[in-house]
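> A predicted structure for the sequence below; I have some questions about it.
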Amino acid sequence: MKTINYRELKRRVELDGTRKTTEHLTEAIETKQLKPEDFSFRDLAEALVPDGVEWVRAMDPCSGSAVLESEAVDSSAFLNVAGQIVHAKILESYNHQAFVASRLVSVIPSRLSRERIPGVGKINSAAMEVHEGMPYPNAGFGEEYVDTPETTKHGLIVPVTREAIFFDQTGLILRRAAEVGEILGADREKRILDTVLGITNSYSQNGTSYNTYYASSDSGPWVNKLTGNALEDWQNVDAAEQLFADMLDPNTQDPILLHSNTVLVMPGNRYTASRIFLNNEVTWTSGNGNGDHTVTMANPLSHYQILDSAFAYRRLLANNITAANAAKYWYIGDFRRAFAYLENWGMTVTRSSRFSEADFTQDILVRFKASERGTPAILDPRCVIACTG
């Protein structure tokens, strides 16, 4: 943990001005040169607020001093930097390494609560031949489309009381900020995973709703679910990849073009997946015991990224799948082509004004509101195969 020299910080405020000093601190926090834990909210207030020592001392519940905020006391610099500190802590927890779903799917910025994503309509390949002097045919849009679900807003508030500043409860404030980030991050993770795992079926193409995954026995419009295919060795991967080979683009009726590159497994299959996908070489023996032939070659599966998720396992259990069966689920394909998170705005932290009713009635000096709005969406379920044991 770095030690900030607040006496020097106060001198920089006197020499460079509050605005420049605040910008420097904000940049240091954003670039992670300084971490939230490096700060003391009380010392920061004393350094950035004019007559900051007296301002903080007036917050003492036993001081008997008037603690009314006055326009003559400019605490905006302190509140701005405090907001950056809280934002950094929320974002750190919101993007926790355990939340793998956000790394699985693509993010589509949107200004709409719902999106209708157009695709290319069916094109007659014979019509693409262009004779001399004739115009080129147009590839029409709008004949095919995917409707996304409506986005939803999620958020929580981190309050900072006068006592928290006076008693320098920086650690408590940061723990609250971390909890807010974890709660909002976990909520987003579970909503995305419910879509990826096929628990929530929100795929709508040309106005018709479909399930995300269909097995061959379901008589669905595609087959991207393989039952009885627990992950044990390369043959199970090959069986899943063969479904991609049989998958056709609904518009062109040609094989679907994708690059299967990611595997999502449950925690119980983490090391099995590592053995299958991460070994540099693979060896197998062919024959019936007489004159067996052993072949060693470079692992053709080494390009896969492996992700395991305890959250995914718990979501399957919450969907009434037994622990023994849930542990055998695994998914393979190009998740970014299959799924997206339609985002109106990402994790945003805003602060309340300096003069609020909460300040008077609850001694809450400032509140920081963390919010995000978005929804998981299915772009093309054919790009991922679900396998069960």
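Cool, the structure landed.
> so Arg367: helix, strand or coil?
At Arg367 the chain is in strand, as set by DSSP: H, G, I helix; E, B strand; the rest coil.
> give me the neighbour count for Ser204.
Per other Cβ atoms under 10 Å, the neighbour tally for Ser204 reads 17. To be clear about C-beta, it is placed using only N, CA and C from the backbone, and glycine gets the same treatment.
> what mean pLDDT does the helix or strand containing it get?
If you go by DSSP states H and E, Ser204 is part of strand 203-205. Strand 203-205 shows an average pLDDT of 95 in the prediction.
> if you count contacts, what does that strand end up packed against?
strand 141-147, strand 208-210 (3 or more Cβ pairs under 8 Å, 6 or more residues apart in numbering; DSSP states H and E).
> buried sites along the one helix or strand Gly119 maps to?
Per DSSP H and E, Gly119 falls inside strand 116-120. Judged by neighbour count (16 or more other Cβ atoms under 10 Å), strand 116-120 contains these buried residues: 117, 119.
> what does stretch 6-24 give?
Residues of stretch 6-24 classed as buried by neighbour count (16+ other Cβ under 10 Å): 6, 9-10, 12-13, 18, 21-22.
> now do stretch 206-224
210, 212-214, 222-224.
> what sits up against it?
Stretch 206-224 is contacted by residues 144-145, 147, 195, 198, 201, 203-204, 225-227, 243, 246-247, 250, 378, 381-382, 384-386 when judged by Cβ atoms under 8 Å, 6 or more residues apart in numbering.
> so among the residues you listed, which ones count as buried?
Counted by 16+ other Cβ under 10 Å, the contacts of stretch 206-224 give 144-145, 147, 195, 198, 203-204, 225-226, 243, 247, 250, 378, 381-382, 384-386 as buried.
> in helices only, show me those residues.
Members of the buried ones among the contacts of stretch 206-224 lying in helices (criterion: DSSP state H): 195, 243.
> so what pLDDT did Gly287 get?
Reading off the confidence values, Gly287 has pLDDT 63.
> host element of Met347?
Using DSSP H and E, Met347 falls within strand 339-351.
> what are the buried residues along that strand?
Buried positions in strand 339-351, judged by neighbour count with 16+ other Cβ under 10 Å: 339-344, 347, 349, 351.
> between those, which sits nearest Ser309?
Nearest to Ser309 out of these is Phe339 (Cβ to Cβ; 14.0 Å).
> the closest one touches Arg191, doesn't it?
No: the pair Phe339 / Arg191 is not scored as a contact, 11.4 Å apart, by Cβ atoms under 8 Å.
> now for the two: what residues contact both?
Contacts common to Phe339 and Arg191, judged by Cβ under 8 Å, 6+ apart, are Pro376.
> kind regards, and thank you for your time.
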